[in-house]
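In: Sequence and predicted structure are below.
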Amino acid sequence: NIMSHLEAFQAIAVLNGGNRAAQYSGYNASVNYVTSILSEKTNYTVTVQPFNFQITEEVSTPEFQQISPSAETYVRGVDFRTMTYTGSGDVQSPVTSCDDGCESSDFSGFTSGNVAVIARGTCDFSTKVDNAVAAGAPGVLIYNYEGEGSFSGTLGSIKDVPVFGIG
């Protein structure tokens with residue numbers, strides 16, 4: 001019965017701080033549950049293979065502020081969201097608009113050290129960020145389609161600079 005397995009996984013999550021992701025104890029408990037079920041109820045020879053994966057973990061609450069021409073503090077989850085695999089850092093720099101950021105030519109005339117402001121769409125987020133970093137951006141803001149609000153997405157791999165999705 002599939003529901004009994006789902007309930008078992010939920011119980012594992014509850015006992016492990018609500019999480020069964022690979023870097024947490026709930027993952028190992030989940031693996032143990034699956035291997036025990038397969039060993040007890042099937043004729044399978046169960047083997048668990050280790051694997052490597054990239055992960056980022058938030059160790060402090062991200063902040064996003066405009067300091068000029070007038071100070072404004074933006075609200076996480078409303079005005080901005082962190083992108084999966086974002087880098088970290090304290091960036092205080094002017095911003096420069098860079099079209100959609102999909103081509104290195106989008107950064108011609110870009111001032112190294114400025115934060116790149118890039119439109120969502122056309123290519124993947126990772127390409128946008130890689131192009132911005134190659135142009136010298138210490139951070140990237142990717143803005144959403146008009147009227148769509150802030151968003152989060154995956155960068156596909158760990159980046160060295162902070163990247164936010166904004167509305």
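Out: It's in. These numbers were taken from a predicted model, which means no experiment stands behind them. Residues are numbered from 1 along each chain as shown.

In: now the helices for the protein?
Out: Assigned by DSSP state H, the chain shows helices spanning 2-15, 25-41, 125-134.

In: list the buried ones in the shortest one?
Out: The neighbour-count check on helix 125-134 (16 or more other C-beta atoms under 10 Å) flags Phe125, Ser126, Thr127, Lys128, Val129, Asp130, Asn131, Ala132, Val133 as buried. In short, each C-beta sits where N, CA and C put it, glycine included.

In: cool, and the longest one?
Out: For helix 25-41, the buried set under the neighbour-count rule, 16+ other C-beta under 10 Å, comprises Gly26, Ala29, Ser30, Tyr33.

In: Specify which member of the residues you listed is nearest to Thr42.
Out: Using C-beta to C-beta, Tyr33 comes nearest to Thr42 of the buried residues of helix 25-41, at 14.2 Å.

In: How about the contacts made by the closest one?
Out: Counting by C-beta atoms under 8 Å, 6 or more residues apart in numbering, Tyr33 touches Ala8, Phe9, Ile12.

In: Please indicate which of those residues are buried?
Out: Ile12.

In: Which member of the contacts of Tyr33 is positioned nearest Ser97?
Out: Nearest to Ser97 among the contacts of Tyr33, with distances taken as C-beta to C-beta, is Phe9, at 45.4 Å.

In: thought the closest one was touching Gly18?
Out: No. Counting by C-beta atoms under 8 Å, Gly18 is not a contact partner of Phe9; they are 11.9 Å apart.

In: how about Phe9, what does it touch?
Out: Counting by C-beta under 8 Å, 6+ apart, Phe9 has contacts Arg20, Ser30, Tyr33.

In: What of Thr61?
Out: For Thr61, the contacting residues are Arg76, by C-beta under 8 Å, 6+ apart.

In: same check, this time on Gln54
Out: Tyr85, Ser157, Ile158.
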